[in-house]
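Student: the following comprises the amino acid sequence and a computationally predicted model.
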Amino acid sequence: MNAIIEGALTLAGPGFSPVEDSFLQIEGPKIKTLSDVNLPAFSGTRYDGNGLIAMPGMINAHVHLGDSVVKDIGVGKTMGELVHPITGLKSRILKEVPQKTLVEGMRESLQEMLANGITTIADFRETSLEGLRLLKKAAEGLANRLIALGRPNYYSPPLDINTGVGLPTQIINETERVLQEGNGLGVSGPNEFTDQALVDLSSLASKARKLVAVHVGEARSSAEFSIRTFGSSEVSRALTYLRPHLLVHLVHTTRRDIEKISSSGTSVVCCPRANAILGHGFPPITDLVRLGINVGLGTDNVMLNSCDMFREMDFASKMSRANHRDPNAIKSADVLRMATLGGAKALELEREIGSLEEGKIADIVFLNSRSSNLKFSKDIISSIVHRARPDDIVAVMVKGELVHGSLPRCNNK
Ligand SMILES: [Zn+2]
């Protein structure tokens with residue numbers, strides 16, 4: 001679009017500095033100008049932003065859309081019983097669901113996320129090429145920016161697990177096709193692979209110049225399995241052999257592992273609500289932030305959680321403060337950053353999205369500062385983190401286009 005939104009309170013830059021009465025000029029997909037000075041010569045459409053808060057579109061950096069059609073199935077069961085990639089209830093049930101229903105479920109979750117202000121989604125897609133194609137079909141024509149992380153249908157045979165056996169040739173070929181059709185690899189966990197198979201996955205992704213993400217330290221049992229079987233932690237094996245861009249979860253981990261992550265520059269994506277409902281515990285978000293590790297947030301399996309990053313921020317922030325018995329254990333701005341720029345950085349998209357800055361893509365959520373929920377806020381960042389809800393959203397913009405809701409035009413313009 002070619003337009004100015006004038007009068008909004010815009011949260012600008014990586015620090016979310018509030019620019020009151022802002023002039024936000026959108027040209028094509030990008031933010032051309034972000035200023036508190038009027039642009040009188042501008043001839044495009046002018047929208048009235050008075051009473052609105054402009055914040056960056058949120059980035060849901062870890063999702064499994066594929067289980068959208070089995071919401072809240074098996075609550076009370078363990079992770080192994082529910083989502084184990086080979087034996088879990090989810091994989092058994094999803095095999096029986098018609099593809100049309102799977103596509104419909106994923107599509108509705110994508111639409112729901114857009115309405116909830118989530119403009120970018122990184123999905124861990126199971127079932128190899130078939131899974132990726134179903135996901136693409138589900139996303140057809142929708143405005144969400146979708147980062148599809150696929151995986152081959154393969155796990156190292158248990159008898160090989162501690163040997164030097166790598167990926168079979170046919171799986172190397174399959175992984176290459178997954179990498180061609182998707183944005184990278186979403187590996188279920190290092191425990192399912194030999195050291196050499198992890199090295200193979202890593203080099204295939206790096207040859208294709210695509211992302212690698214992996215679950216680590218989600219359950220105590222998998223952390224213990226790694227030590228027992230390989231003599232080293234999931235984090236250590238992932239960093240050494242798989243060399244991922246981002247690690248997902250990190251609930252059961254050690255200080256030494258966190259220090260290794262910090263010195264490797266790897267990002268972490270935390271999914272605190274998913275960890276909580278599965279009874280795993282809570283990720284060490286405050287330690288990660290204090291060590292300067294880049295942290296993103298994800299709502300994880302749709303079967304476990306609503307697609308709502310406001311709820312994820314609220315839970316992450318309050319539980320971090322509760323666990324440390326310190327109301328100042330984390331800053332609200334740090335939590336908002338996890339849901340925006342932190343996710344962008346984890347997905348290597350921080351030059352384009354994640355914050356509102358001149359030259360960046362215009363992925364913007366406009367909130368109603370006059371809603372009964374947000375009116376009278378004395379700390380707008382904290383109110384967004386701890387109080388905002390999807391129904392406070394007036395409009396959502398992706399790549400400079402309004403894709404949900406609408407903005408009022410300025411009078412006579
Ligand atoms: Zn996951």
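Tutor: Yep, that arrived.
Student: could you use CA atoms for every contact and neighbour count after this?
Tutor: Will do.
Student: quick one, domains of the protein?
Tutor: Using automatic domain parsing, the domain parsing of the chain gives 2-56+354-405, 58-346.
Student: save these as a markdown table, and put in distance to Asn411 too.
Tutor: Shown next, in a markdown table, are the domains of the chain (distance: least, CA to CA, whole Å):
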| stretch | distance to Asn411 |
| --- | --- |
| domain 2-56+354-405 | 8 |
| domain 58-346 | 27 |
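Student: need these in a markdown table with mean pLDDT and mean neighbour count, can you?
Tutor: Below are those laid out as a markdown table (pLDDT from 0 to 100; neighbours: other CA atoms under 10 Å):
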| stretch | mean pLDDT | mean neighbour count |
| --- | --- | --- |
| domain 2-56+354-405 | 96 | 20 |
| domain 58-346 | 95 | 20 |
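Student: now do stretch 248-260: everything it contacts.
Tutor: Stretch 248-260 is contacted from outside by 62, 213-220, 223, 233, 235-236, 268-272, 275, 280-284, 288, 291, using CA atoms under 8 Å, 6 or more residues apart in numbering.
Student: again, only this time at 6 Å
Tutor: 214-218, 220, 268-270, 282-283 (CA atoms under 6 Å, 6 or more residues apart in numbering).
Student: looking at these, which one is closest to Asn144?
Tutor: Checking the contacts of stretch 248-260 against Asn144 by CA to CA gives Val269 as the nearest, at 19.4 Å.
Student: show the end-to-end separation of stretch 351-369, please.
Tutor: End-to-end distance for stretch 351-369: 28 Å, by CA to CA, to the nearest Å.
Student: inside helices: which ones of the contacts of stretch 248-260?
Tutor: Under the assignment DSSP state H, the contacts of stretch 248-260 contribute Arg220 to helices.
Student: show residues contacting stretch 367-378.
Tutor: Contact with stretch 367-378 is made by 51-53, 392-394, as judged by CA under 6 Å, 6+ apart.
Student: in strands, which of those fall?
Tutor: Among the contacts of stretch 367-378, DSSP state E puts 52-53, 393-394 in strands.
Student: excluding residues flanking it in the chain, which one is nearest Leu167?
Tutor: Ala197 (5.1 Å; CA to CA, 6 or more residues apart in numbering).
Student: what about that neighbour, which SS state?
Tutor: In terms of secondary structure, Ala197 is helix; the call rests on DSSP: H, G, I helix; E, B strand; the rest coil.
Student: how close does it get to Asn116?
Tutor: 38 Å.
Student: now do Asn411
Tutor: Taking CA to CA as the measure, Asn411 falls 28 Å from Asn116.
Student: got the contact list for stretch 269-281?
Tutor: By CA under 6 Å, 6+ apart, stretch 269-281 touches 219, 248-249, 282, 295-299.
Student: can you tell me how far the most centrally placed residue in the chain is from Arg145?
Tutor: The chain has Ala61 as the residue nearest its centroid, 1.1 Å off, counting by CA atoms, centre = their mean. Ala61 is 11 Å from Arg145, where distance means CA to CA.
Student: quick one, what contacts the nearest residue to Glu27 once chain neighbours are set aside?
Tutor: Once flanking residues are discounted, Glu27 sits nearest to Asn2: 4.7 Å by CA to CA, 6+ apart. Counting by CA under 6 Å, 6+ apart, Asn2 touches 26-27, 44.
Student: swap in 10 Å and give it another go.
Tutor: 25-32, 42-46, 400-401 (CA atoms under 10 Å, 6 or more residues apart in numbering).
Student: okay but Val295 is in contact with Gly265, surely?
Tutor: No: applying CA atoms under 10 Å, one finds Val295 not in contact with Gly265, separated by 11.0 Å.
Student: anything in contact with each of the two?
Tutor: Taking CA under 10 Å, 6+ apart as the criterion, Val295 and Gly265 both touch Leu246.
Student: what touches both of Ala61 and Arg145?
Tutor: In contact with both Ala61 and Arg145: 118, 120-122, using CA under 10 Å, 6+ apart.
Student: CSV for those residues, including distance to Leu11?
Tutor: Shown next, in CSV, are the shared contacts of Ala61 and Arg145 (distance: CA to CA, whole Å):
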residue, distance to Leu11
Ile118, 16
Thr120, 18
Ile121, 21
Ala122, 24
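Student: which of those residues fall in strands?
Tutor: 118, 120-122.
Student: out of the contacts of stretch 367-378, the closest to Leu159 would be?
Tutor: Ile393 (52.6 Å).
Student: who are the contact partners of the closest one?
Tutor: Applying CA under 10 Å, 6+ apart, we find Ile393 in contact with 52-53, 115-117, 365-369, 371, 404-405.
Student: could you give the separation of stretch 119-134 from the chain centroid?
Tutor: The chain centroid and the centroid of stretch 119-134 are separated by 13 Å under CA atoms, centre = their mean, to the nearest Å.
Student: ranges for the strands of the stretch 301-413 of the chain?
Tutor: Counting by DSSP state E, counting those that start in this stretch, the stretch 301-413 of the chain has strands at residues 364-368, 393-398, 401-405.
Student: got those as CSV, with distance to Tyr241 columns?
Tutor: Compiled in CSV, the strands of the stretch 301-413 of the chain are given as follows (distance: least, CA to CA, whole Å):
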stretch, distance to Tyr241
strand 364-368, 38
strand 393-398, 37
strand 401-405, 41
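Student: of all those strands, which one is nearest Asn162?
Tutor: Closest of the strands of the stretch 301-413 of the chain to Asn162 is strand 393-398, at 46.5 Å (criterion: CA to CA).
Student: so that closest one versus strand 401-405, what angle?
Tutor: Strand 393-398 runs at 150 degrees relative to strand 401-405, counting by axes from the mean of the first three to the mean of the last three CA atoms, to 10 degrees.
Student: quick one: strands adjacent to strand 393-398?
Tutor: When pairing is defined by DSSP bridges, strand 393-398 lines up against strand 364-368 (antiparallel), strand 401-405 (antiparallel).
Student: kindly reformat these as TSV containing distance to Glu358.
Tutor: Formatted as TSV, the strands paired with strand 393-398 follow (distance: least, CA to CA, whole Å):
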stretch	distance to Glu358
strand 364-368	13
strand 401-405	16
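Student: of all those strands, which lies closest to Gln99?
Tutor: Among these, the nearest to Gln99 by CA to CA is strand 401-405 (26.9 Å).
Student: was I right about Ile53 contacting Glu6?
Tutor: No: Ile53 lies out of contact with Glu6 (CA under 10 Å); the separation is 11.1 Å.
Student: now do the shared contacts for these two.
Tutor: Common neighbours of Ile53 and Glu6, counting by CA under 10 Å, 6+ apart, are Glu20.
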